[in-house]
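Q: from the sequence below, what's the structure:
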Amino acid sequence: MSYYTYVLYSELAQKYYVGSTQDFKKRITYHNTGKSKFTKIGIPWRLIKVFAFNSKTEAIKLEYKIKKRGIKRFIESI
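A: Next comes the predicted model:
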């Protein structure tokens, strides 16, 4: 089973969001339907980047690395 770290961007909120999941398409739908308290302010969210991994641990490690560095800085560096 694959695991993913994904980066979203909201033009409305001018913010980035990073998360990890097994089904990133389902997660994006979740964010764009207003079910998440944090992301409902930025609907619609646009997928910027997806990273695939073989383990949940790897996906979560990258998520935390991106958050620590800053999502915008991370995206600009790749």
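Q: longest helix of the protein?
A: Ordering each helix of the chain by length in residues (DSSP state H) puts helix 56-69 first.
Q: next structured bit after that helix?
A: Next in sequence after helix 56-69, counting helices and strands by DSSP states H and E, comes helix 71-77.
Q: could you say what helices and strands that next one packs with?
A: strand 3-10, strand 15-21 (3 or more Cβ pairs under 8 Å, 6 or more residues apart in numbering; DSSP states H and E). Any C-beta I mention is one placed from the backbone N, CA and C, and that applies to glycine too.
Q: could I have the last one exported to CSV, CA atoms only?
A: When you say that, I think you mean strand 15-21. C-alpha atoms of strand 15-21 as CSV (Å, rounded to 0.1, in the frame of the first residue of the first chain):
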residue,chain,number,x,y,z
LYS,A,15,-1.7,29.7,2.3
TYR,A,16,-0.1,26.4,1.8
TYR,A,17,-1.2,23.2,3.6
VAL,A,18,0.8,19.9,3.9
GLY,A,19,-0.5,16.5,5.0
SER,A,20,0.0,12.8,4.7
THR,A,21,-2.5,10.1,3.8
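Q: what's in contact with it?
A: Contacts of strand 15-21 with the rest of the structure, by Cβ atoms under 8 Å, 6 or more residues apart in numbering, involve 3-10, 27, 31, 38-39, 42, 45, 48, 56, 59-60, 62-63, 66-67, 71-72, 75.
Q: related to what we said a few turns ago, the inter-axis angle of the longest helix of the chain versus strand 15-21?
A: For helix 56-69 against strand 15-21, the angle by axes from the mean of the first three to the mean of the last three Cα atoms, to 10 degrees is 160 degrees.
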